[in-house]
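Visitor: this one's structure only:
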């Protein structure tokens, strides 16, 4: 079973993502902050991370780079609001697999995952 780490500072988005991904058969861990995500990643290995671009204690691109240094094979999808699409594209140039805009479409989410 693939393991997915989702990181967003909005607890309601985390719950929705977790529900949809677990329904799709994935093993899901959640974090509300960059710091919490790094702590979770110290104790586990993930196949994929869904990272919000804008976090209260940093940003998803910095977190992506830290996670990739810990787990070189991890794939990353950046979640972004409409105003940060250029930033998400820049994140792809730094190694993100793709990005999804919020609010995300369930079909597109599962297709990308």
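Guide: Happy to help now that I have it. Just so it is clear, the structure is predicted and the values come from calculations on it, not from any experiment.
Visitor: Geometric centre of this protein: which residue is closest?
Guide: Centroid check for the chain by C-alpha atoms, centre = their mean gives residue 50 as the closest residue, at 1.4 Å.
Visitor: who does the helix or strand harbouring that residue touch, helix- and strand-wise?
Guide: Assigning secondary structure by DSSP states H and E places residue 50 in strand 48-52. With contacts taken as 3 or more C-beta pairs under 8 Å, 6 or more residues apart in numbering; DSSP states H and E, strand 48-52 sits against strand 3-7, helix 60-70, strand 75-80. Every C-beta, even on glycine, is put in place using the N, C-alpha and C of the backbone.
Visitor: Try it again at 10 Å.
Guide: Secondary-structure packing of strand 48-52 (3 or more C-beta pairs under 10 Å, 6 or more residues apart in numbering; DSSP states H and E): strand 3-7, helix 11-23, strand 27-31, helix 34-42, helix 60-70, strand 75-80, helix 106-112.
Visitor: What pairs with that strand, parallel or antiparallel?
Guide: If you go by DSSP bridges, strand 48-52 pairs up with strand 3-7 (parallel), strand 75-80 (parallel).
Visitor: Relative to residue 55, which of the ones you listed is closest?
Guide: Residue 55 lies closest to strand 3-7 among these, at 6.9 Å (C-beta to C-beta).
Visitor: what about the residue nearest to residue 63 when sequence neighbours are not counted, distance to residue 105?
Guide: Computed as C-beta to C-beta, 6 or more residues apart in numbering, the closest residue to residue 63 that is not its neighbour in sequence is residue 34, at 4.8 Å. Distance of residue 34 to residue 105, computed by C-beta to C-beta, to the nearest Å: 26 Å.
Visitor: quick one: contacts of the helix or strand of the chain with the lowest mean pLDDT?
Guide: When the helices and strands of the chain are scored by mean pLDDT, DSSP states H and E, helix 85-93 comes last with a mean of 83. Contacting residues not belonging to helix 85-93 are listed as 51, 53-54, 59-62, 64-65, 76-81, 84, 96-101 [C-beta atoms under 10 Å, 6 or more residues apart in numbering].
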